[in-house]
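Show me the folded form of this:
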Amino acid sequence: MKKSLHALCMIGKYYLYGFTLQLLFINLIYAAPINAQGSLDMKEVFLSLNLEEATLTETFNAIKRQTEFSFIYDKRLIENSNLINLQVNNESLESILLSLAASHQLSFKQVDDKISVNLSKKRKKENALVVEVSISGTVVDQNGEPIPGVTVSVPGTAI
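Next up is the predicted model:
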């Protein structure tokens, strides 16, 4: 009886060791080397483009034809943008998009094989020309008499 109980404990002990090893190594099987944030890297995708007077939509379509990337954007966002003249030969997609971002105040974000296009938060503020001018004079009525306590304003401004 003692021998059978001892043998049963030994078998149970080895089953427990085996089960523990299986639990440890099952994680390694499922932890395959995959790239969860997209298998494509814009730095490693090279393409050649020859675009003259192209819209942003035409540019994105040309990039889409040569790569596995597709673009997501609001058409209203880019409909009045400047035309693009772009001649590149074997250049990375990242550098092409960086030049587009700089010239059109856009930002790009890659998620898997999709590239989201938005307006850049660092848009250039338009410089307004401010000229300080002193104006002096007298406001008169129809008879040429000065009118006391008159305020002069410029329509459409805070002046």
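
Can you tell me the centre-most residue of the protein?
Phe108 (2.5 Å; C-alpha atoms, centre = their mean).

Which helix or strand contains it?
Phe108 belongs to strand 106-111 when elements are defined using DSSP states H and E.

ok so, going back, please name the nearest non-neighbouring residue to the residue nearest to the centre of the chain.
What sits nearest to Phe108 in space, not counting adjacent residues and going by C-beta to C-beta, 6 or more residues apart in numbering, is Leu97, at 4.9 Å. For glycine as for every other residue, the C-beta is placed from the backbone atoms N, C-alpha and C.

Touching, the one you found and Ser120? I think so.
No: the pair Leu97 / Ser120 is not scored as a contact, 12.0 Å apart, by C-beta atoms under 8 Å.

what's around Ser70, how many residues?
By other C-beta atoms under 10 Å, 13 other residues sit near Ser70.

Can you pull the phi/psi pair for it?
Ser70 adopts backbone torsions of phi -130, psi 160, taken as degrees, to the nearest 10.

okay but it is in contact with Asp113, surely?
Yes: shown here, Ser70 and Asp113 form a contact pair, counting by C-beta under 8 Å, at 6.6 Å.

Just say helix, strand or coil for Asn50.
When classified by DSSP: H, G, I helix; E, B strand; the rest coil, Asn50 comes out as strand.

neighbour count winner among Leu97 and Ser120?
Leu97 (22 against 13).

so that one, which of the three states?
Classification of Leu97 by three-state DSSP places it in helix.
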